[in-house]
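Participant: model the structure of this input:
(one chain, ligands or ions: 1)
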Amino acid sequence: MKIITDIISLRTYLKDKQSVSFVPTMGNLHEGHLSLVRTAKQHADYNVVSIFVNRLQFSPNEDFNQYPRTFERDCSLLKEAGVNVIFAPSEKILYPVQQEFLLSLPPLARTLEGRFRPDFFQGVATIVLKLFNIVQPKTAVFGKKDYQQLLLVREMVQQLNLPIEIISGETARSSNGLALSSRNNYLREEQRLEACRLYQSLLLIKQEVISGNTDFKMLEINAIKNLIQHGWKVDYITIQRSTLTPAKPNDKDLVVLGAAWLGKTRLIDNLEILD
Ligand code: PAF
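Facilitator: Numbers count the residues shown, from 1 in each chain. Alright, predicted model coming up:
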């Protein structure tokens with residue numbers, strides 16, 4: 001496995017590689033990332049994983065400085081997983097000058113996460129486009145845990161005619177259902193037990209919808225109330241079409257999404273409700 005930190009060396013290494021799959025990450029890897037890597041490896045001969053904590057997708061009040069950086073451990077996990085190249089550039093390499101060229105994003109970027117994290121998707125789109133330009137993969141894998149991010153990246157690839165197939169990976173969960181996330185590291189012991197309530201709330205909604213309940217508003221309100229009663233601050237719990245447009249009763253292919261704060265930690269999760 002090679003660890004490459006600059007663009008020229010990466011391009012030189014990948015020059016004669018016909019089929020490259022790519023998994024972008026911000027490091028602090030867990031089973032969720034490793035399952036994306038396994039998926040990526042099935043789709044190409046060579047696999048690149050990037051590790052870069054992208055300042056641009058954090059708002060000034062968010063956790064950029066605190067975000068866990070565990071480079072050595074990440075490298076050994078990726079080596080074990082059989083990754084060919086880790087691309088781990090510095091900020092100077094990816095943002096040599098102040099980033100003034102920015103993408104104008106579609107309305108999808110202004111709902112849900114976009115409402116609560118105003119800089120997030122602009123930053124994600126910018127870094128993902130840069131990384132796609134640098135790596136030029138045939139396939140890239142994104143987790144369904146960041147459902148809205150996955151949809152936006154798909155939309156970007158389509159609208160900008162990028163020759164990259166975007167593949168989605170399932171959300172990895174701990175045994176109590178909690179979606180794996182680097183931000184789970186911020187949770188204290190007792191909060192870790194409580195944290196699975198977000199998943200349980202979404203699961204209850206999913207089960208209700210499957211059994212024919214079409215009162216989506218009431219399902220959302222009940223879930224929000226329950227979380228608040230257990231000390232959460234809820235940004236949203238919402239049932240949407242799988243395209244992330246508002247759902248109506250009798251719609252098929254839905255997704256229920258949630259974002260909520262447990263203490264100082266913001267968690268997100270979602271469950272697809274497919275027909
Ligand atoms: O999902 C993430 O970890 C990040 O948003 C990504 C796609 C690596 C861009 O920084």
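
Participant: what's the longest helix anywhere in the chain packed up against?
Facilitator: In the chain, ranked by residue count with DSSP state H as the criterion, the top helix is helix 189-210. If contacts are counted by 3 or more Cβ pairs under 8 Å, 6 or more residues apart in numbering; DSSP states H and E, helix 189-210 sits against helix 216-229, strand 233-241, strand 254-262, strand 265-273. For every residue, glycine as well, the C-beta is placed using N, CA and C.

Participant: figure out which of the ones you listed is closest to the ligand.
Facilitator: Nearest of these to the ligand, taken as Cβ to the nearest ligand atom: strand 265-273 at 10.9 Å.

Participant: quick one: strands adjacent to the closest one?
Facilitator: Strand 265-273 has its sheet partners listed here by DSSP bridges as strand 254-262 (antiparallel).

Participant: give the contact list for residue 228.
Facilitator: residue 234 (Cβ atoms under 8 Å, 6 or more residues apart in numbering).

Participant: ranges for the strands of the stretch 51-200 of the chain?
Facilitator: Per DSSP state E, counting those that start in this stretch, the stretch 51-200 of the chain carries strands over the ranges 85-87, 139-143, 165-169.

Participant: go through the ones you listed and name the closest to the ligand.
Facilitator: Closest approach to the ligand among the strands of the stretch 51-200 of the chain is made by strand 139-143 (6.6 Å; Cβ to the nearest ligand atom).

Participant: list of residues touching that closest one?
Facilitator: 19-24, 32-33, 36-37, 39-40, 43-44, 132, 149-150, 153, 164-171.

Participant: near the residue in the stretch 51-200 of the chain that the ligand sits nearest to, how many other residues are there?
Facilitator: With Cβ to the nearest ligand atom as the measure, residue 54 is the residue of the stretch 51-200 of the chain nearest to the ligand, at 4.0 Å. Each residue near residue 54 was counted by other Cβ atoms under 10 Å, and the total is 21.

Participant: equivalent analysis for the one 3 residues further on, please.
Facilitator: Applying other Cβ under 10 Å, we find 21 residues neighbouring residue 57.

Participant: that older thread, could you dump the strands of the stretch 51-200 of the chain to a markdown table with distance to the ligand and mean neighbour count?
Facilitator: Listed next are the strands of the stretch 51-200 of the chain as a markdown table, based on distance: least, Cβ to the nearest ligand atom, whole Å; neighbours: other Cβ atoms under 10 Å:
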| stretch | distance to the ligand | mean neighbour count |
| --- | --- | --- |
| strand 85-87 | 11 | 23 |
| strand 139-143 | 7 | 23 |
| strand 165-169 | 11 | 17 |
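
Participant: what residues sit buried inside stretch 248-255?
Facilitator: If you call a residue buried by 16 or more other Cβ atoms under 10 Å, then stretch 248-255 has these buried ones: 251, 254, 255.

Participant: do the same with stretch 203-220
Facilitator: Buried residues in stretch 203-220 (16+ other Cβ under 10 Å): 205, 206, 208, 209, 216, 219, 220.

Participant: if I look at the third one, how far off is residue 250?
Facilitator: In other words, residue 208. Distance of residue 208 to residue 250, computed by Cβ to Cβ, to the nearest Å: 15 Å.

Participant: could you do the first one as well?
Facilitator: Counting by Cβ to Cβ, the separation of residue 205 from residue 250 is 16 Å.

Participant: do me a favour and average the pLDDT over the longest helix of the chain.
Facilitator: Across helix 189-210, pLDDT averages out at 97.

Participant: what angle do strand 254-262 and it make with each other?
Facilitator: Angle of helix 189-210 versus strand 254-262, following axes from the mean of the first three to the mean of the last three Cα atoms, to 10 degrees, is 160 degrees.
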